[in-house]
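*Asks:* with the sequence up front, the predicted model follows.
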Amino acid sequence: MSLRAVADRMKPIWLFDLDNTLHDASHAVFGRLNGSMTDYIEQHLGVSRPEADALRLHYWRRYGATLLGLERHHGIRAAHFLAQTHTLPGLEADLRMRPADRAALQRLPGRKFLLTNAPAEYAKRVLTALDLASCFEGVIAIEDMRVFGELRPKPDVRSLRVILARLRLPAHRCVLVEDTLANLKSARRLQLRTVWMQRYLRHNPHGPEAGIPLHGRPRWVCARIRALRSLHAWP
């Protein structure tokens with residue numbers, strides 16, 4: 001084996017979340033997505049808007065994805081829900097990413113994959129708009145997170161195990177960079193290294209990390225960062 005091949009095998013394999021990890025989704029995108037999902041629930045389940053909004057939030061907090069609750073309890077078809085709620089005309093104008101983070105990601109050595117609970121079409125659209133598409137070897141979206149036919153988005157451990165096996169990614173070389181602690185906890189159970197991106201959490205007061213002190217570091221978090229350039233110091 002050549003020295004270059006040995007060096008490549010020692011580099012981390014990066015798994016990046018998308019929203020509020022690579023870009024500031026709390027600026028406008030989350031608000032639009034939440035409104036779109038509430039519209040969908042109100043229309044297709046025939047409930048009031050306050051009930052629809054409460055149901056959206058309940059399923060998101062319980063399952064990690066609103067869609068999972070709608071599919072399990074109401075028979076909503078995943079493909080229809082994703083297509084209807086993630087159209088978001090003019091999305092590109094709402095995206096915010098620091099140029100320094102873009103440059104840091106583009107320079108970061110090692111294989112890189114996107115791992116997101118968002119649908120593939122939305123994820124690829126965001127990556128293209130942020131000029132990041134060429135950074136990633138692959139996009140692993142919510143459509144890819146089925147185990148024995150059942151949708152298993154993050155933080156489901158079984159789904160992550162299947163994804164790693166499918167892509168032949170050794171867990172001990174993988175690093176998950178995420179803003180959501182529950183997803184990092186699942187990854188650590190499989191021996192992935194974990195990085196908690198905190199930059200945008202203060203701007204998402206209704207998210208799953210609301211009220212959690214950002215100065216602490218749970219035992220399943222290997223590192224905390226506020227900028228992607230910090231990853232260049234990773235051993």
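*Replies:* That came through fine. Quick caveat, the model's predicted, so the values are computed rather than measured.

*Asks:* what's the lengthiest helix in the chain packed up against?
*Replies:* Ranked by residue count and defined by DSSP state H, the top helix of the chain is helix 29-45. For helix 29-45, the packing partners by 3 or more C-beta pairs under 8 Å, 6 or more residues apart in numbering; DSSP states H and E come out as helix 49-63, helix 66-74, helix 78-85, helix 91-94. (Glycine included, C-beta is placed from N, CA and C.)

*Asks:* 6 Å instead, please
*Replies:* helix 49-63, helix 78-85 (3 or more C-beta pairs under 6 Å, 6 or more residues apart in numbering; DSSP states H and E).

*Asks:* count of neighbours near the nearest residue to residue 226 once chain neighbours are set aside?
*Replies:* Closest residue to residue 226 apart from its sequence neighbours, by C-beta to C-beta, 6 or more residues apart in numbering: residue 199 at 4.6 Å. Residue 199 has 17 neighbours, counted by other C-beta atoms under 10 Å.

*Asks:* and residue 31, by the same measure?
*Replies:* A count of nearby residues for residue 31, using other C-beta under 10 Å, gives 12.

*Asks:* and it, what pLDDT?
*Replies:* Note for residue 31: predicted pLDDT of 93.

*Asks:* same check on residue 62?
*Replies:* According to the prediction, residue 62 has pLDDT 88.

*Asks:* and if you look at residue 215?
*Replies:* Reported pLDDT for residue 215: 67.

*Asks:* what does residue 69 give?
*Replies:* Residue 69 is given a pLDDT of 94.

*Asks:* okay but it is in contact with residue 63, surely?
*Replies:* Yes: here residue 69 reaches residue 63: they are 5.3 Å apart, a contact under C-beta atoms under 6 Å.

*Asks:* burial measure for the nearest residue to residue 25 once chain neighbours are set aside, as a count.
*Replies:* Closest residue to residue 25 apart from its sequence neighbours, by C-beta to C-beta, 6+ apart: residue 19 at 3.7 Å. Residue 19 sits with 22 neighbouring residues when counted by other C-beta under 10 Å.

*Asks:* go ahead and confirm residue 123 touches residue 116.
*Replies:* Yes: here residue 123 lies in contact with residue 116, judged by C-beta under 6 Å, at a distance of 5.2 Å.

*Asks:* so between these two, which is more surrounded?
*Replies:* Ranked by neighbour count (other C-beta under 10 Å), residue 123 and residue 116 place residue 116 first, with 27 against 23.
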